[in-house]
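[1] Structure here, sequence nowhere to be found:
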């Protein structure tokens with residue numbers, strides 16, 4: 001999905017509107033005017049070539065989604081005049097994503113797809129075979145925000161700092177079930193394995209590095225209380241493919257793919 005480059009239609013919803021969406025780190029309310037930073041002003045004014053009066057959908061992760069109109073603000077500056085709410089705020093989902101970092105282009109892909117697939121938080125996990133251990137946190141956050149803008153969600157997933165495997169697992173919410181993606185899972189059918197979970201429970205999906213988990217890590221994970229070992233089919237998947245496959249399975253069986261987000265009247 002790409003951002004719309006020729007948008008002039010009035011905003012209606014994130015599914016049918018052709019207005020671009022923008023994340024604003026500001027309070028949103030009818031009548032407010034929000035000054036844009038240089039990057040946002042350049043994107044709307046020079047990349048999308050929006051003119052004064054044209055609509056933009058905006059959100060901040062707290063106040064729902066709003067329709068705003070572009071306003072000139074000085075010689076090269078732009079502002080957005082907040083008009084009316086198009087959708088009420090929704091909460092983050094119940095799926096946390098834990099992953100071993102990959103090299104940059106594939107890491108960008110994994111982060112973006114995890115957001116699109118409904119992850120509530122993202123935690124880079126350093127394992128014995130992890131090849132990338134130093135991460136650009138600002139780049140991770142920027143990728144999360146861009147994905148949130150493009151896919152229509154209202155709550156921006158949290159991006160945790162990288163952590164060692166045991167630390168990352170220990171930091172999960174108390175009632176969270178750990179889903180350990182394991183090619184040696186005793187139940188080869190992932191749908192059957194997930195069907196036993198409570199659809200209302202909070203879950204964490206763990207994807208390992210390209211070289212897999214070492215034996216000590218596998219013993220630690222299989223002994224974790226309430227862990228669910230999830231097979232991802234008969235083929236060995238790349239880590240970025242496994243991420244999309246696992247999150248799609250979880251969302252389709254116990255996630256929010258069967259729910260509809262509330263909307264403002």
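    All right, it came through fine. Please read these numbers as outputs of a predicted model, since none were measured by experiment.

[2] and the strand ranked longest in the chain, what does it pack onto?
    Scanning the chain for the strand with the most residues, using DSSP state E, yields strand 78-87. Contacting strand 78-87 under the criterion 3 or more C-beta pairs under 8 Å, 6 or more residues apart in numbering; DSSP states H and E are the following elements: strand 33-35, strand 55-59, strand 65-72. No exception for glycine: its C-beta is placed from N, CA and C like everyone else's.

[3] The longest one packs against which elements?
    Think strand 65-72. In this structure, strand 65-72 makes packing contacts with strand 55-59, strand 78-87, judged by 3+ C-beta pairs under 8 Å, 6+ apart.

[4] Figure out which of these is closest to residue 172.
    The minimum distance between residue 172 and the helices and strands packed on strand 65-72 falls on strand 55-59, with 27.1 Å, by C-beta to C-beta.

[5] Now do the closest one, average pLDDT.
    The average of the pLDDT scores along strand 55-59 is 96.

[6] Give the partner strands of that strand in its sheet and their orientations.
    For strand 55-59, the paired strands and their directions (DSSP bridges) read strand 21-23 (parallel), strand 65-72 (antiparallel).

[7] what's in contact with the first one?
    What that stands for is strand 21-23. Identification of contacts with strand 21-23 by C-beta atoms under 8 Å, 6 or more residues apart in numbering yields 3, 14, 40, 43-44, 56-61, 65, 80, 145, 148-150, 152, 156.

[8] so how many other residues sit close to residue 112?
    18 (other C-beta atoms under 10 Å).

[9] what's the distance between it and residue 206?
    When C-beta to C-beta, to the nearest Å is applied, the distance between residue 112 and residue 206 equals 19 Å.

[10] Could you check how far the residue lying closest to residue 68 once chain neighbours are set aside is from residue 41?
    Distance criterion C-beta to C-beta, 6 or more residues apart in numbering; nearest residue to residue 68, sequence neighbours excluded, is residue 80 at 4.0 Å. Shown here: residue 80 relative to residue 41, a distance of 10 Å by C-beta to C-beta.
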